[in-house]
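# Make a model of this:
(one chain, ligands or ions: 2)
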Amino acid sequence: MTAFIAPGATLGVMGGGQLGRMFVHAAQQMGYFTAVLDSDPASPAGLVAHHHIQTSYLDEQGLARLAERCAAITTEFENVPAAALKALATQCPVSPGAAAVAVCQDRAAEKRHFESCGVPCAAHAVIETAAQLDAVPDHLFPGILKTTRMGYDGKGQARVATRAELAAAWTALGGVSAVLEQRLPLEHEVSVIVVRSADGEIVHFPLQQNLHRDGILAVTQVPAPDVAPAVQRQAIDAAHRVADSLDYVGVLCVEFFVLQDGRLVANEMAPRPHNSGHYSVDACELSQFDLQVRAMTGAPLVAPRLHSPAVMLNLLGDLWFPADTSTPDTTREPDWARVLALPGVHLHLYGKTAPRPARKMGHLTVTAASASEAHRVALQVAAVLGLPAF
Ligand code: ATP
Ligand code: MG
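Ligands and ions are numbered 1, 2, ... in the order given. Below is the predicted model:
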């Protein structure tokens, strides 16, 4: 058995975004001290942690200070350089480990990993040189070209219908390593979050049904209203296999597509808590952040029961820019008082002072005694905020 790191110790996190902030909250609730490494002096997690080391991810002194201070270190940002995690791991337990994170950072490696676990993914081709553009098979059109590294929230992607469009899009993306995926007929998007301990124990959250708008997660519903139990089981089993075969320690999210013919296809995975799991803070006995703390400290993992049906709405910076104004640069605060008057609303704002369109400023979870009631109230919230119905 892995040794248990008791409360009172300091836990570190690489990255200071909202995921780090919610990790810090969970760790502090359990009596741990916290340290964040992020170069941004106003980072959401840095603002609430006991210690904030303001250096870049590869700064040797910053890494040394973090490792010295912490009994264990995790990450909240999937593009933390694997070299930084490796350097930390020589001094202190780091979860997830550099090798697992490296697979998740590279779309081509990620797809190879899915396939090696018997988990289907979209037909695709890897493009690293201009010559490979001509060798792409016809059946991948219409397709989506995605950079192999660093993509998120639909960035680093282009929809291409023809070879000419592919060549232009690849050049526009900078001629970097990319993956062309066949565009699939999606019925639904879902995700599964699993948590695995160093001893190989695994627990999972119920399957999340996710609605994206413009490539960004907009709504998560749990229980998933439209996904057959057999497909849910299949997704959960697949996520377990993916985590096991990476010898993964920590929180892992696997995103899937459910196709119109009912088939389940893995899209990508994130080696950290995930936006689609934020509802767990308010709707489950243990949140994804509680379990991140447990996994890294060697505490027992307990299956996180959903105690209330939930709908999560992402709050993007667009809400701060009213559509009906002649001065598009002025921002206004959304009408939180009207939203908070509705039953079962849990508002989470990340402490970001500068709203920008498409920037994740916060989220909101509606919990209720029934899924239909949670949906009904979430639609009321959406109406107040000027978000589309779903
Ligand atoms: P994230 O913010 O989740 O990391 P990302 O930028 O890495 O997003 P993906 O998850 O790969 O991008 O794609 C974003 C969205 O684009 C998906 O949620 C889905 O709606 C759509 N999409 C991606 N790949 C395909 C595909 N092969 N066929 C159809 N739609 C797709
Ligand atoms: Mg995605």
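# can you pull out the helices in the stretch 151-300 of the chain?
163-172, 229-245, 280-283, 288-297 (DSSP state H, counting those that start in this stretch).
# could I get the ones you listed as CSV with distance to ligand 1 and mean neighbour count?
Just so you know, the C-beta spots here come from the backbone N, C-alpha and C atoms, and that holds for glycine as well. Formatted as CSV, the helices of the stretch 151-300 of the chain follow (distance: least, C-beta to the nearest ligand atom, whole Å; neighbours: other C-beta atoms under 10 Å):
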stretch, distance to ligand 1, mean neighbour count
helix 163-172, 14, 15
helix 229-245, 15, 18
helix 280-283, 17, 24
helix 288-297, 15, 26
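# how about those helices in JSON lines, adding distance to Leu316 and mean pLDDT?
Listed next are these as JSON lines, based on distance: least, C-beta to C-beta, whole Å; pLDDT from 0 to 100:
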{"stretch": "helix 163-172", "distance to Leu316": "25", "mean pLDDT": "94"}
{"stretch": "helix 229-245", "distance to Leu316": "27", "mean pLDDT": "98"}
{"stretch": "helix 280-283", "distance to Leu316": "19", "mean pLDDT": "98"}
{"stretch": "helix 288-297", "distance to Leu316": "21", "mean pLDDT": "98"}
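# so how far is Gly250 from the residue lying closest to Val265 once chain neighbours are set aside?
Sequence neighbours aside, Phe257 is the residue nearest to Val265 in space, at 4.8 Å (criterion: C-beta to C-beta, 6 or more residues apart in numbering). According to C-beta to C-beta, to the nearest Å, Phe257 and Gly250 sit 24 Å apart.
# Which one's more surrounded, these two?
Gly250 (26 against 19; other C-beta atoms under 10 Å).
# So for that one, what's the pLDDT?
Looking at Gly250, its pLDDT reads 98.
# That one bridge partners, please.
Arg196 (DSSP bridges).
# Run through the residues that contact it.
Thr74, Ser95, Pro96, Val195, Arg196, Pro271, Arg272, Gln292, Ala295, Met296 (C-beta atoms under 8 Å, 6 or more residues apart in numbering).
# Now do the helix or strand bottoming out on mean pLDDT in the chain: everything it contacts.
Least confident helix or strand of the chain, by mean pLDDT, DSSP states H and E, is helix 131-134 with a mean of 91. For helix 131-134, the surrounding residues in contact (C-beta under 8 Å, 6+ apart) are Ala125, Val126, Ile127, Arg163, Leu166, Ala167, Trp170.
# Show me what the helix or strand following it is packed against.
Using DSSP states H and E, the next helix or strand after helix 131-134 towards the C-terminus is strand 143-147. Using 3 or more C-beta pairs under 8 Å, 6 or more residues apart in numbering; DSSP states H and E as the contact test, the elements touching strand 143-147 are strand 157-160, helix 163-172, strand 178-182.
# With distance to Val384 as added columns, please give these in a markdown table.
Below are the helices and strands packed on strand 143-147 laid out as a markdown table (distance: least, C-beta to C-beta, whole Å):
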| stretch | distance to Val384 |
| --- | --- |
| strand 157-160 | 32 |
| helix 163-172 | 39 |
| strand 178-182 | 37 |
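# so where is the protein shaky, pLDDT-wise?
1, 324-328 (pLDDT under 70).
# Which residues of it lie near ligand 1?
Neighbours of ligand 1 within the chain, by C-beta under 6 Å from any ligand atom: 122, 144, 146, 151-155, 181, 183-184, 186, 189, 212, 215, 255, 267-268.
# Sitting in strands, which of those residues do you find?
In strands, judged by DSSP state E, the following of the residues of the chain next to ligand 1 are found: Ile144, Lys146, Glu181, Leu186, Glu189, His212, Glu255, Asn267, Glu268.
# Now the buried members of those.
Using 16 or more other C-beta atoms under 10 Å as the burial test, these include Ile144, Lys146, Glu181, Glu189, Glu255, Asn267, Glu268 as buried.
# just checking, Val265 touches Leu184?
Yes. Using C-beta atoms under 8 Å as the test, Val265 is close enough to Leu184 to be in contact (6.4 Å).
# where do the contact lists of those two overlap?
Taking C-beta under 8 Å, 6+ apart as the criterion, Val265 and Leu184 both touch Ala122, Phe257, Leu259.
# out of those residues, who's nearest Gln288?
The shortest approach to Gln288 among these belongs to Phe257, at 21.5 Å (C-beta to C-beta).
# Can you give me every residue that contacts that closest one?
Counted by C-beta under 8 Å, 6+ apart, Phe257 has contacts Ala122, Leu184, Leu186, Glu187, His188, Glu189, Val190, Leu264, Val265, Asn267.
# Count the neighbours of the second one for me.
Which is Leu184. 17.
# ok, it to Gly46 distance?
Distance of Leu184 to Gly46, computed by C-beta to C-beta: 39 Å.
# Same question for the first one.
Applying C-beta to C-beta, one obtains 37 Å for the distance of Ala122 from Gly46.
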